[in-house]
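Engineer: fold the following, please.
(2 chains)
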Amino acid sequence: MKKNPFTARLGALLLCGSLFASMLAGCGSDHGLSAKSPVTVTVWHYYNGAQQRSFDQMVSEFNATVGKDKGIIVAASSKGDVNELISHTMDAIDHKVGAAEIPTIIAAYADTAYTINERGMAADIGSYLTDKELAQYIPAYIAEGRFSGDGSLKLFPIAKSTEIFMLNKTDWDAFAAATGATDDSFKTWEGLTDVSRRYYEWTDAQTPDIPNDGRAFFGRDAMANYLIIGSLQLGHELFDVTDGQVEFDVDEDAMYRLWENFYVPYVNGWFASSGRFRSDDVKTGDIVALVGSTSGVTYFPTAVTRDDGSSYEIESAVYPVPNFEGTEPYAVQQGAGMLITKSDETHEYAATVFLKWFTSTQNNLQFAVDSGYLPVTVEANSEEALGAAFEHAAEPVSETLQEVLLNGIYTTQNYNLYTNRAFAQGNDARKIVENSLLDAAKEDREQVVFRLSIGMSQEEAVAPFVTREQFSQWLAGFRAQLEALL
Amino acid sequence: MHLFHPKAHTLRRRLVLPILAILIVQGLLYFFVFMQGNVLSRMDENAYEILNERTINRKLYLEKEMVHRWSNMTESETAVLDKIANTLRREGRSYADIATDAALNQTVVQDAAQQIIYLLRRNLVSGAFLILDGPGLASDTDGSTRAGFYIRDLDPTSYVDDNGDLLLERGMPTISKSMQISLDSYWSSAFTFRNDGSPDERYFFEPLNAARASDNNEAQNFGYWCPGYSLNEDNLRAISYSIPLIAPDGTVFGVMGVEINQPYIQDMLNFSELNGSQRSAYVLGVLDEEAGTITPVLSSGPFYSTQFYDTDTLTFSPASGSAYTLDPRAKTSEKLSMALAPFQLYNTNTPFAQQEWVLAGVVAQNDLLAFSSQIRSNAALSVLLCFLFSICALFVAGRQITHPLIALVNDLEKSDPNKPIALRKLHIDEIDRLSGAIEQLSGAVAESSSRFSKILLMTGVQLAVFEYSDNSPTVFCSDNIYSLLGWPPPAEPGASLPASEFLQRMQELEQHRYAEDDTVYLLEFPTGPHWVKVIWLHEGSRHLGAVSDITHEVLEKQKVEYERDYDTLTHLYNRRAFDRQLDQLFRKPETLGVSALLMWDLDNLKYINDTYGHDCGDLYIKNFAKAIDLEDPAHVIAARRSGDEFYIFIHGYASKEEARRQIDRIAQHVTGGSFVLPNGSVFRLRASGGVAWYPDDALTYPDLIRYADFAMYTIKHSDKGRLQEFDRAAYQENSILIGGQEALNRLIDSQLVRFALQPILEVRTGSVYGYELLMRSLVPEFNSPQDILRLAHAQSKLSKIERMTYFKALETFSRLDREGQFKGHERAFINSIASQCMSEEEEAAFAAQYGSYLPRMVMEVTENEPYEHTFTAHKIEATKRTGGLVALDDFGTGYNSERLLIDLAPDIVKVDISIIHGIDQDADRQSLLNHLISYAHDRGILVLAEGVETLREMEYVVTQGVDLLQGYFIARPTFDIEPIAPQILAVVREAYEKRKP
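Structural biologist: Got it, this is the predicted structure:
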């Protein structure tokens, strides 16, 4: 094809022009942003359900307002759950065949952030923020993001959560009225174990013809938190991290109390876990109460559906998380931060603009009210600010959600909060702590169910399991698993 | 009609000229316009083309995903239908039950759920569902719920093998638990449909109703792409593809499908590829071509939402070439260009084929056509002009050609087909030649038809034809129709018949319709009956017919039918006809009332045949047949089954008494009947008979026959010459003895047994001490080994069973050993048969074949055996000599257990289940066991507790010191070696540890 001299000349001119423009932009005050040629900021997160919808809605709002003006387009996608997110991220960073391009922003826990930072892939967010801006956030949250030890900020807080105790009040009330049980039981793990036993016995007694058909009272999500916080409360920090180096402090007596208040009630059938999450178990009537993250509140049901599909409405109640008898109150402080990957100034800055907008008091409260997460700025973290947000919410905020958030704020203000510190084997260690005790309990509960099915009494059925030897055996295995990581 | 050109021209000339003219003018126009244009206008065109191409490419990509990936459900459909069929079969239910039974539906869904997850994974979709058109909840009173299963995947492109990335939207809690799928916030156990035509419910009702409205059974034909719906209140939009579930019998009972949600598709619609600008968008929608609108299904690109936020319908109009302009909304003054790429989602002639999906690529026009708008309007104008001109030119040209042709056709239609046709000349060469040919042809046709008629007459084939049309006054009939149908011939040959008279005669003919076939008529001629067949052929207003004489064929057929259905000797029904008659009767069981099936068997026929010859035997049979033929076809059907066996079925009686009177009559006829033998003596008819009653004895005639047969054989084997009624108790007791002979022979000849192994647990070690080999019949007639033994005893075949037991049991045992299924040297417990013994040769063969296993054998001797019997003694001696053990079986069931124990000195004593059952609560049994244990242990005899079925029984016998355990509590008999459950071993160990020292 013969080249048209006119178009060739025009092309050259355009090329020069655009180069010039981009040079100008690069040196400009707004870090190369331009409304005419917007940059795309990709975000990978693990939100789903109500949280994802809330997040997406806020992204749309950003794109239509600030993003439109400044030339930033945020594209968010959910990777399902944390583990999925981590594996996708690692694949992208390793440039694995078929992996996606590295996103601009990744939702990450401290452990993951630590790993990404080790690869040199985490940008210093602090360099795009003024001191005044940083001072708006709760200092502990900012401190958590400065894990690398060189003063840089690698993880930006956007939403936090803690744990709370949630109750199917309707079924509880029936039990309490019949037996005189009170909600004082929810103050301690020992009390909870005891009331769970009584609930099991009470439900078992409803059908005198059928022995051993009592129902479980309680279930717990995030077993790692139970062990880590519980051990800490009993004087032993399970993951003792100094300068990124971990030592495992597995104390036999502390572990035995944790065992007695989880494994023992579990093999007895007083505690249970059958669905994927405990909120599912409350939904299906398998348990009555749970301890879980504030951010799981949107999954707490308003009705119980029995196995035959019939259902009944329930009311709910919220309490702070229980403690061990005679200990200081402790609770976990968690929630992923946002990590900005190293790319170019324009993208890194654009990502910061989005995160700042997202965590501005108004927006942060909005997300909190939608999702059950707790806000991260000092201003937003008060009952008054929350109360105002409830009032001004576009749609009425459910009573349960209000209670959860207020209890969450109460916990952050009255409990000792503990956040996992990052260390190299953090992800794997957490997995072990998450599963070890629960797996043992589940497996042995199956044995007990079998033993009951062949006609043993409850005492006989659990007898071989609720022994000190069984505990020692588990503990030895648990220790060995952890040590193997080092 | 006026013609422009009286002179004839060729048609080609007429056609080509105007079109050539159009092309020239068009070419000139385009040339003119484009000469006016410059480089910029070409760039505009390019821009549109690129927009169009990119849109088409994106559409092709999406179409491929939709058609080949997402909606590719053939495999899953088959799998789901199989699952459902299996479930229904297992539950003994039918497809119709789905419409009413919530509990059944829950089971069906549970069973098929895994397939739906697989569908979601395989098709890489964001959701998948299965919905049954039946209640989802037992509490559903208003029919608003449907059972089903709906899952979503948060990230379809990745896969988690523990279902961790799935959310359950609809489905029973049990599914969530068993599959570990977490429940969505909006989860509900069943679907709820208002069925008010809501767009959110189309994905279920559209394919369902379409399939029900058709009798086609191919589900894929009713596949429906639902253009946008929200499952929950969360307003998450999605599209779906769903197909109806159609049972093999045609019942449409549900829907399955896949969902692709908005975010997932948005990811695929990379709008910025359209022209690299952010001011662009993709819109997926459904096109209404007539209205020029698109109903958007979903869109990608923030630009779209700024322009068309919350818009239900997009209106567009054509622009240059393949591009369109999207009408701006009040919200914006931006002009938008659009390219449309229609999808090919449906096959033609399927119910949703008219639903046209399109992908629209939308770009701000100012961006797309950054240069001159002047040229654009010129181009548009020229296109418009060309268009108008073409229309005008075509109209004129068309008129010139069609006008005369129409006139000619009118002429042709008006002409009388019976007369030679004359057509006007049009002065168009080809058409005039055509008219001439038609005229010639019509003459030739008339001539040939008359020739054909003559030929028919000459061949003598009895075939007549007629023809008329609705509006003609006469009917053409071939001459021989009158003789064939017996009509009075016309005054002059060859004259046609007036239509009214023809129809009148045809009407009369209807009264002679022959029952068996509605085209055949039976006519009574003086020469006898005649059958004629009249065949009609209707072609619009024309009616043709042929009449043929088929008397010969009908008579042939009647003869053949008689020979097929009747026994030639007795003129009774033969067996096949009898079966057919009964089959028809049993199709209407309500007409049967009280009925009875009699089965007769002539006594002494063989004697008559042998003594007086077969002619005399035939006479016997004939006379018997006459005796039982009551000639009451309404109530009695008699048939000869075979040589000397007869069936009689009497039916339609109000009571047994009434029917029995009839049976008595038959019996009297039989006993009173006689015939004269060649030697002059009178021979009395004598037969044995059996009776089975409907409905008392059986509801189907094969059962009735079997029972009557049984009753007949019972009497035949006792005192002949009587009629015996069926007795169920006797049947159940003896049927195996009577009918089982052949089965037993089969079992022995082909060695149709196999052996199940039940482990015997050694309490002390927790390991398997040995296995008892339990015989199982492969012949269905035998339910239990006891049946085999009873019959074998009656038939004196116990020795063969004994031999088979030894050889087959060891064959099984040695095979399992070779396969390495045993852990160590487990023993084989064999049940020998009382007073039976293999021959010396057999023993030698056995030792040669299985010698290495002899030390592992344990021979079980029952206490009912006369152990003093030489054979038994020999066996015990032989077993002990080869290193095997002897076990005393069934201890505690007889009267002399203790004496046997002393005399026999076995190695093992097996305590019978009757002692073990409930032993934990019965002091007498306990005391018996304790004595036995103390006696046995003093003498080194092992005690085995048989039939241990509960935990408490096990605990009791183990703590008392029993050495070996056998029973359902430990393990059931199986054909392969399966390890004893570790939980069971654990509880046995616990009990053992509690044993008194």
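
Engineer: now the helices for the stretch 651-800 of chain B?
Structural biologist: Using DSSP state H, counting those that start in this stretch, the helices found in the stretch 651-800 of chain B span residues B:656-672, B:701-716, B:728-749, B:785-794, B:798-818.

Engineer: I'd say A:A75 and A:P38 touch.
Structural biologist: No. When contacts are counted by CB atoms under 8 Å, A:A75 is not listed as touching A:P38 (11.2 Å). C-beta coordinates here come from the backbone N, C-alpha and C atoms, glycine included.

Engineer: higher neighbour count, the two?
Structural biologist: Counted by other CB atoms under 10 Å in any protein chain shown, A:A75 and A:P38 do not tie: A:P38 has more neighbours, with 20 against 15.

Engineer: pull the contacting residues for the closest residue to that one other than its chain neighbours.
Structural biologist: Closest residue in space to A:P38, ignoring its immediate chain neighbours: A:G71 at 3.9 Å, by CB to CB, 6 or more residues apart in numbering or on different chains. Residues near A:G71 by CB atoms under 8 Å, 6 or more residues apart in numbering or on different chains: A:L33, A:S34, A:A35, A:K36, A:S37, A:P38, A:V39.

Engineer: which one of the residues you listed sits closest to B:G136?
Structural biologist: For the contacts of A:G71, the minimum distance to B:G136 (CB to CB) is 47.6 Å, reached by A:P38.

Engineer: tell me how many other residues crowd B:D565.
Structural biologist: Per other CB under 10 Å, the neighbour tally for B:D565 reads 16.

Engineer: what sits against it?
Structural biologist: B:Y573, B:N574, B:R576, B:A577, B:R580.

Engineer: beta partners of A:F218?
Structural biologist: For A:F218, the beta-bridge partners under DSSP bridges are A:F271, A:A289.

Engineer: I misspoke; the intended subject was B:F675.
Structural biologist: B:F683.

Engineer: and stretch B:244-260, does that touch chain A?
Structural biologist: No. Stretch B:244-260 lies out of reach of chain A by CB under 8 Å from any CB of the partner chain, never closer than 15.2 Å.

Engineer: just the CA trace of that stretch, in PDB.
Structural biologist: What follows is stretch B:244-260, C-alpha atoms only, in PDB (Å, rounded to 0.1, in the frame of the first residue of the first chain):
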ATOM      1  CA  PRO B 244     -36.400 -27.600  30.500                       C
ATOM      2  CA  LEU B 245     -35.900 -31.000  32.100                       C
ATOM      3  CA  ILE B 246     -37.900 -33.500  30.100                       C
ATOM      4  CA  ALA B 247     -38.500 -37.000  31.300                       C
ATOM      5  CA  PRO B 248     -38.300 -39.900  28.800                       C
ATOM      6  CA  ASP B 249     -42.100 -40.100  28.900                       C
ATOM      7  CA  GLY B 250     -42.300 -36.400  27.800                       C
ATOM      8  CA  THR B 251     -43.200 -35.000  31.200                       C
ATOM      9  CA  VAL B 252     -41.700 -31.500  31.600                       C
ATOM     10  CA  PHE B 253     -40.800 -31.400  35.300                       C
ATOM     11  CA  GLY B 254     -38.300 -28.700  35.800                       C
ATOM     12  CA  VAL B 255     -35.500 -26.400  34.500                       C
ATOM     13  CA  MET B 256     -31.800 -26.400  34.800                       C
ATOM     14  CA  GLY B 257     -29.400 -23.700  33.700                       C
ATOM     15  CA  VAL B 258     -26.500 -21.500  34.100                       C
ATOM     16  CA  GLU B 259     -26.200 -17.900  35.200                       C
ATOM     17  CA  ILE B 260     -23.600 -15.300  34.200                       C
END
